[in-house]
Structures are given as structure tokens and as C-alpha cells.
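# After the sequence you'll find the predicted model.
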Amino acid sequence: MKNRIAGLRAERAWTQADLAQRIGVSRQSINAIETGRFDPSLPVAFRLARLFNLTIEEIFTDDE
């Protein structure tokens, strides 16, 4: 699954650690999500969407 998290994070000048703390996950989890090695759980996806004031579909797109 592709995502816009790195770009959204960069627009706010947040580090991976900053974002991780804001949504309650580890920095390693943010790195894995950003690089596409890991798809977030639904609760994490909703927390990201709320934090960035976007829908889940605006952040994540299907690889197909």
C-alpha cells in the first residue's frame, strides 16, 4: 500500500519520532509504514487521518 505520510510529516517539519509520539506508536513503526514494509492497523490509520485532518483514502492508496 502506498502512502503520503512522509510528505505530510515533512510539511509539518516533524521527525518520525515526533509523528510516532503523536499517534502512540514507535518510530520504527512509522518508518516501516512510510517505506511500505508494513500496513498500519485500522486504529492507527484512523489516528493518522485525524491528525492530518484527511480521510484514510487521502493518505493511503492501493498499489493496484
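Thanks, I have the structure now. Numbering: from 1, shown residues only.

# The closest residue to K2 other than its chain neighbours and F38: what is the separation?
Once flanking residues are discounted, K2 sits nearest to T61: 4.8 Å by Cβ to Cβ, 6 or more residues apart in numbering. No exception for glycine: its C-beta is placed from N, CA and C like everyone else's. Noted for T61: a distance of 16 Å to F38, by Cβ to Cβ, to the nearest Å.

# Which of those two has more residues huddled nearby?
F38 (15 against 11; other Cβ atoms under 10 Å).

# Helix or strand: which one has the more buried one?
Taking DSSP states H and E as the definition, one finds F38 inside no helix or strand.

# Kindly report the same for the one 5 residues further on.
Following DSSP H and E, one finds P43 within helix 42-52.

# R9: neighbour count?
R9: 20 neighbours (other Cβ under 10 Å).

# what about it, helix or strand, and which?
helix 5-11.

# Show me what counts as buried in that helix.
I5, L8, R9 (16 or more other Cβ atoms under 10 Å).

# Ok, stretch 38-52 next?
Buried-residue list, stretch 38-52, by 16+ other Cβ under 10 Å: P40, V44, A45, R47, L48, A49, L51, F52.

# And the closest residue in space to S26 that isn't next to it in sequence, how close does it get to V44?
Spatial nearest neighbour of S26, excluding adjacent residues (Cβ to Cβ, 6+ apart): A20 at 5.7 Å. Separation of A20 from V44 (Cβ to Cβ): 10 Å.

# One more: A6?
Distance from A6 to V44, by Cβ to Cβ: 16 Å.

# again, but for A13
22 Å.

# again, but for Q21
Taken as Cβ to Cβ, the span from Q21 to V44 is 13 Å.

# And N53, by the same measure?
16 Å.

# residue contacts, I23?
V44, R47, L48, L51 (Cβ atoms under 8 Å, 6 or more residues apart in numbering).

# wait, A45 sits on I59?
Yes. Look at A45 against I59 with Cβ atoms under 8 Å: they come within range, at 7.5 Å.

# Can you list the low-confidence ranges for this protein?
64 (pLDDT under 70).

# Just give the nearest non-adjacent residue to D39, would you?
That would be M1: by Cβ to Cβ, 6+ apart, it lies 5.1 Å from D39.
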